[in-house]
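# with the sequence up front, the predicted model follows.
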Amino acid sequence: MAGAGAGANLLAMRSHNAALVLDLLRTAGSDGISRLELAERTGLTPQAVSKITARLREDGLAAEAGRRASTGGKPRTVLRLVPEAGHAVGVHLDRDEVRAVLVDLRGTVVGERRAALDLGAGARAVLAAVTEAVRAVVTEAGRAVVREAGRAVVTEAGRAVVRESGRAAVTETGRAAAMEAGRAAVTEVLPAGSLLAHAGSLLGVGVALPGPLDHVRGVLHRVTGFPEWDGFPLRQALAERLGVPVVVDKDTNAAALGLAAGGEAGSFAYLHLGTGLGAGLVIGGSVHRGARTGAGEFGHQVIQLDGPPCTCGDRGCVEALCLGAVARGDVEEAARVLGAGAANLVGLLDIDVVLLGGRTVAAAPEAFVRGVGAVLGARARRTGEDAVPVRVAPGGGRVVAVGAAQLVLGPVFGRGTAEGRGPDSWWGRGPDPAGALAWACRRRPGRSAPGGTPVPCARPRVSGGRAERPGPAQSHPTPAGPPRAPGRCPARCSPLPRPPR
């Protein structure tokens, strides 16, 4: 995980155009894309693209990927995304398990951690479990970097010894160099002081869990089956513990976001059947959350009046009927009930495809696809329309956790994660003309704030050609001199997200 400064630069991304360029670099993959193609696809001038790509290369986010033959003139230089320049952690907080994954900028999983959890054990226990899962997945990734760096340095030291003395042995100097390289590598990944404040390439943590909740404020409501969480500020509590930005959303929304980012096009519904039942809705390519993050409570539509009681307090909900059938071992009945709910959704939203996921579906995927498909097929014959296809969502058990990581990565590539006043409006996307971003200076241990605690930066910054100071600031020593670049703190500090209103 290279690029200690990349995380700060990504969070401070001031140009939406740069985010568009980054997204094209991401989708181009290892083959890369030329500056001319970037200009054609974004509608930007070649001069603007050159400036953006130069800054991305300076920040370690882009690199040359060779040259491509041109129809005329000299070969074009091809650029690619540097996926290891930034990382995000995605956490799936289920009723009985926590799963954390570490992904790079391309969304590739580079680390994973799972542990048992009781969502009803209380805030202290749950926060400790999430903190430990995040710490473990980042730490393990750091150890992997150390091992790889150590092997590389030891090998090179051995070659040097062979060249000089003809002996295939590594000297004490080589071993010392390897240890030093390992320490340098792990410094970029492992926490120091505030839990993850110094994990240079870590952009933030996305947390997905059952709803209902308020995605914009990061506050939980009466989580189905666990009403004691009502009003708990999960985002704030985790951000204080982890020392990095945190985004909170429903598990189904996160999964839908991850599927859309992974290439699932059009309008679709992701139905998640695990310890509960919910839906993530993507309409016209965007996740539909509703004004209060209330959309997608699919499992609590009543399809049988005076039916069995549900944990939500109602009776005859799809979730109660479906999970009841699963408990009896009647998977075909569970699939038929799920299909009835899916048919209502198809009739209401006219979606293109239904995707199924969750551990219960994973236990019998063919049966659920067949059962839901049969109900939708019968509906299509009655209406004279084409049947909406049904398939298992890609990603397996990681789909929610990987989607949670996309809550963090989305704004980096110009894909918003919230309507209006959500993380999309304070994550550093756009020109930030009002100077909304505050700068979190990482104080070294032993200075006035022990443990590298982030505090607002007292130094002025430059924006639009003029110096400005973003709000009240605590004075502390920072390097003298002009900012490294417009809109950045002279001390290369990381920006803090704008606090929620």
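Cool, got the structure. Residues are numbered from 1 along each chain as shown.
# relative to L81, how far out is L22?
7 Å (C-beta to C-beta, to the nearest Å). Where C-beta positions appear, they are placed from N, C-alpha and C, glycine not excepted.
# so between those two, which is more surrounded?
Taking other C-beta atoms under 10 Å, L22 and L81 do not tie; L81 has more neighbours (28 against 24).
# residues contacting that one?
Contacts of L81 were listed using C-beta atoms under 8 Å, 6 or more residues apart in numbering, and they are L22, L25, R26, A28, L61, A62, L105, R106.
# what does the pLDDT read for it?
Model confidence at L81, expressed as pLDDT, equals 95.
# ok, it to F413 distance?
The value you get for L81 to F413, if C-beta to C-beta is used, is 10 Å.
# what touches both of L22 and L81?
L61, A62.
# residue boundaries of the helices in the stretch 251-400 of the chain?
251-261, 318-327, 331-349, 359-363, 365-383, 399-409 (DSSP state H, counting those that start in this stretch).
# would you mind giving the ones you listed as TSV with mean pLDDT added?
Formatted as TSV, the helices of the stretch 251-400 of the chain follow (pLDDT from 0 to 100):
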stretch	mean pLDDT
helix 251-261	95
helix 318-327	96
helix 331-349	96
helix 359-363	96
helix 365-383	97
helix 399-409	96
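# which one of those helices is the most hemmed in?
helix 399-409 (a mean of 31; mean count of other C-beta atoms under 10 Å).
# what helix or strand does the nearest residue to T45 once chain neighbours are set aside sit in?
In this structure, T45 finds its nearest non-sequential neighbour in A39, 6.6 Å apart by C-beta to C-beta, 6 or more residues apart in numbering. Using DSSP states H and E, A39 sits within helix 35-42.
# what residues does that helix touch?
17, 20-21, 24-25, 44-46, 48-50, 53, 76-77, 79.
# tell me the angle of the helix or strand following it relative to helix 35-42?
Downstream of helix 35-42, the next assigned helix or strand under DSSP H and E is helix 46-58. Per axes from the mean of the first three to the mean of the last three C-alpha atoms, to 10 degrees, the angle that helix 46-58 makes with helix 35-42 is 110 degrees.
# out of the helices and strands in the protein, which is least certain?
helix 423-426 (a mean of 31; mean pLDDT, DSSP states H and E).
# these two touch, right, R217 and L234?
No - using C-beta atoms under 8 Å as the test, R217 is too far from L234 to be in contact (9.8 Å).
# same drill for the two, tell me which one is more crowded.
L234 (23 against 17).
# ok, the more buried one to N253 distance?
With C-beta to C-beta as the criterion, L234 and N253 are 15 Å apart.
# cool, L79 as well?
33 Å.
# how about the nearest residue to P46, chain neighbours excluded?
A39 (4.8 Å).
# how about A65?
For A65, the spatially nearest residue (C-beta to C-beta, 6+ apart) is G32, at 3.3 Å.
# hey, where'd the helices end up in the stretch 1-150 of the chain?
Under DSSP H, counting those that start in this stretch, the stretch 1-150 of the chain gives helices at 6-11, 16-28, 35-42, 46-58, 123-165.
# just the residues contacting stretch 335-347, thanks.
Counting by C-beta under 8 Å, 6+ apart, residues outside stretch 335-347 touching it are 269, 271, 273, 277, 279, 298-299, 301, 303, 318, 321-322, 325, 351, 354, 356, 367-368, 370-376, 379, 388, 390.
# kindly recompute the last result at 6 Å.
269, 303, 318, 321-322, 354, 367-368, 371-372, 375-376, 379, 388 (C-beta atoms under 6 Å, 6 or more residues apart in numbering).
# can I get those residues in a markdown table including distance to H221?
Listed next are these as a markdown table, based on distance: C-beta to C-beta, whole Å:
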| residue | distance to H221 |
| --- | --- |
| A269 | 22 |
| I303 | 23 |
| V318 | 20 |
| L321 | 23 |
| C322 | 22 |
| V354 | 26 |
| A367 | 33 |
| F368 | 29 |
| G371 | 32 |
| V372 | 29 |
| V375 | 31 |
| L376 | 31 |
| R379 | 33 |
| V388 | 31 |
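# contact partners for V137?
Counting by C-beta under 6 Å, 6+ apart, V137 has contacts A100, L102, G111, R113.
# turn these into CSV, including pLDDT, distance to H92 and neighbour count.
Shown next, in CSV, are the contacts of V137 (pLDDT from 0 to 100; distance: C-beta to C-beta, whole Å; neighbours: other C-beta atoms under 10 Å):
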residue, pLDDT, distance to H92, neighbour count
A100, 97, 8, 28
L102, 96, 13, 26
G111, 94, 14, 22
R113, 95, 11, 21
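# among the contacts of L81, which ones are buried?
Burial by neighbour count, judged by 16 or more other C-beta atoms under 10 Å, picks out L22, L25, R26, A28, L61, A62, L105, R106 from the contacts of L81.
# do you know how far the closest residue to the third one other than its chain neighbours is from G204?
Spatial nearest neighbour of R26, excluding adjacent residues (C-beta to C-beta, 6+ apart): L81 at 5.0 Å. With distances taken as C-beta to C-beta, L81 is found 18 Å from G204.
# same check, this time on V130
In terms of C-beta to C-beta, V130 sits 14 Å off from G204.
# and D230, by the same measure?
Applying C-beta to C-beta to D230 and G204 gives a distance of 25 Å.
# more neighbours: these two, which one.
G204 (27 against 13).
# the more buried one belongs to a strand?
Yes - the assignment for G204 by DSSP: H, G, I helix; E, B strand; the rest coil puts it in a strand.
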